[in-house]
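Asks: Build the 3D model from these lines:
(chains A, B, C and D)
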There are 2 protein chains.
Amino acid sequence: MAHDRLHERLNAYLAKKGLRHTSQRKVIADAFFGGPNHISIEELLARVRKEDARVGYATVYRTLKLFTECGLAAERNFGSGPSRYELSDESTDHHHDHLICLECGGITEFHDPAVEKAQEAIARRYGFRVRSHKHEMYGVCQACQQADEAPRARPRRS
Amino acid sequence: MAHDRLHERLNAYLAKKGLRHTSQRKVIADAFFGGPNHISIEELLARVRKEDARVGYATVYRTLKLFTECGLAAERNFGSGPSRYELSDESTDHHHDHLICLECGGITEFHDPAVEKAQEAIARRYGFRVRSHKHEMYGVCQACQQADEAPRARPRRS
DNA sequence: GTGCCTGCAAAACGTTTGCACTGGC
DNA sequence: GCCAGTGCAAACGTTTTGCAGGCAC
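Replies: Got it, this is the predicted structure:
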């Protein structure tokens, strides 16, 4: 399983900090590692409760905070609504940014070395030491554009 | 006055939509156009109340929403805390993004054509129609880096 | 006079925490 | 047994809205 590496990493962190392996943490980790990326606390809780109906919101909240601390997860805020969590760049060995569709809410990940390079140049110009960055484009995805053009699927003027 | 153009634009929008010119809208517009960029509702309210102490929070909130609708203002969320408002790219004829210092909270604006170009290329690659974007780098500004090295005189903001 | 606008207060919303009980070690 | 972890509910900070009265037109 590809999740083994993530579980190991979590276990190592728990051990290092003297924290406990609880059944809730295990269930939440399974649900998070196996679930869709950019999941909200609420959505994750629903997945978790299929395994153990007694888990509370606060536990999921605190556990994702823990995952964030140990570098497994990253918190994202796309426009309004609740925060969403994804596997961190560090845990996927793959940095990415986001395209967010304003019509369907879909999130596409992208990576572009040219942007990264340009970013470094800007930081250098301002003597700024970058710790993290956020690069999000909001607009309409290809699928929604096509749906908008098809006269049957949707009225032209909304 | 450089603000005349902004006031005109607001008036045109009010006229077009059949909305009313009220004293509150005038005072809030003055305070917003003349105040610092990246201002919060709370801070703007304080400025407004110097002119008219009876203005309420909700009015400032609703008025900034109006400014955002008519393209004069843009809402920004930098990390935690309340939303901040700035003059929109459209109203300044000058697109910019942000460097946010995690130590002093200072916000620096920057513009880089290389990033914009790279962005367009990505959008094209995904067939995505971009409506707006957000490009923020979080880190440590030059002043804070120097203050950290010589911890005698650190300029603390916020 | 009409109905948009305002100010207040309260609701809504998402996040965070205090507390008593539970359970891992 | 100790103390971190949990579940509940309530607190929190911010945003949004319902409503009665006020004011631009």
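Asks: how near is residue A:6 to residue B:132?
Replies: Distance of residue A:6 to residue B:132, computed by Cβ to Cβ, to the nearest Å: 34 Å. For the C-beta atoms, the positions are set from N, CA and C on the backbone; glycine is no exception.
Asks: for residue A:60, that is, sorry about that
Replies: 31 Å.
Asks: quick one: which of these two has more around it?
Replies: residue A:60 (26 against 13; other Cβ atoms under 10 Å in any protein chain shown).
Asks: Quickly find the element holding the residue nearest the centre of chain A.
Replies: For chain A, the residue sitting closest to the mean C-alpha position, by Cα atoms, centre = their mean, is residue A:86 at 1.9 Å. Using DSSP states H and E, residue A:86 sits in strand A:84-87.
Asks: Once you drop chain neighbours, what's closest to residue A:59?
Replies: residue A:24 (5.4 Å; Cβ to Cβ, 6 or more residues apart in numbering or on different chains).
Asks: Surely that neighbour touches residue A:52?
Replies: Yes: judged on Cβ atoms under 8 Å, residue A:24 makes contact with residue A:52 at a distance of 7.1 Å.
Asks: out of these two, which sits in the more crowded spot?
Replies: Higher neighbour count among residue A:24 and residue A:52: residue A:24, with 18 against 13, using other Cβ under 10 Å.
Asks: What residues does the more buried one make contact with?
Replies: The contact partners of residue A:24, by Cβ atoms under 8 Å, 6 or more residues apart in numbering or on different chains, come to A:48, A:52, A:55, A:59, A:63.
Asks: Among those residues, the buried ones, what's the PyMOL command?
Replies: Per 16 or more other Cβ atoms under 10 Å in any protein chain shown, the buried members of those correspond to this PyMOL selection:
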select buried, chain A and resi 48+55+59+63
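Asks: Burial check on the nearest residue to residue A:142 once chain neighbours are set aside, number of neighbours?
Replies: Counting by Cβ to Cβ, 6+ apart, residue A:142 lies nearest to residue B:127, which is 3.5 Å off, once chain neighbours are set aside. The burial count assigned to residue B:127 is 12, neighbours taken as other Cβ under 10 Å.
Asks: Next one: residue B:127 from residue A:145, what distance?
Replies: Between residue B:127 and residue A:145 the distance, using Cβ to Cβ, works out to 7 Å.
Asks: Any idea how far stretch A:34-46 is from the middle of the chain?
Replies: Distance of stretch A:34-46 from the chain centroid (Cα atoms, centre = their mean, to the nearest Å) equals 9 Å.
Asks: before we move on, back to that, I'd like to know if the helix or strand the residue nearest to residue A:59 falls within reaches DNA strand D anywhere along the stretch.
Replies: Element membership for residue A:24 (DSSP H and E) is helix A:23-34. Yes: counting by Cβ under 7 Å from any atom of the strand, DNA strand D has neighbours in helix A:23-34: A:24, A:25.
Asks: Could you list the buried residues of that helix?
Replies: A:24, A:25, A:27, A:28, A:29, A:30, A:31, A:32, A:33.
Asks: Could you do stretch A:83-95 as well?
Replies: A:84, A:85, A:86, A:87, A:88, A:91.
Asks: what's the nearest residue to residue A:57 if we skip its chain neighbours?
Replies: Residue A:57 sits nearest to residue A:45 (Cβ to Cβ, 6+ apart), 5.9 Å away.
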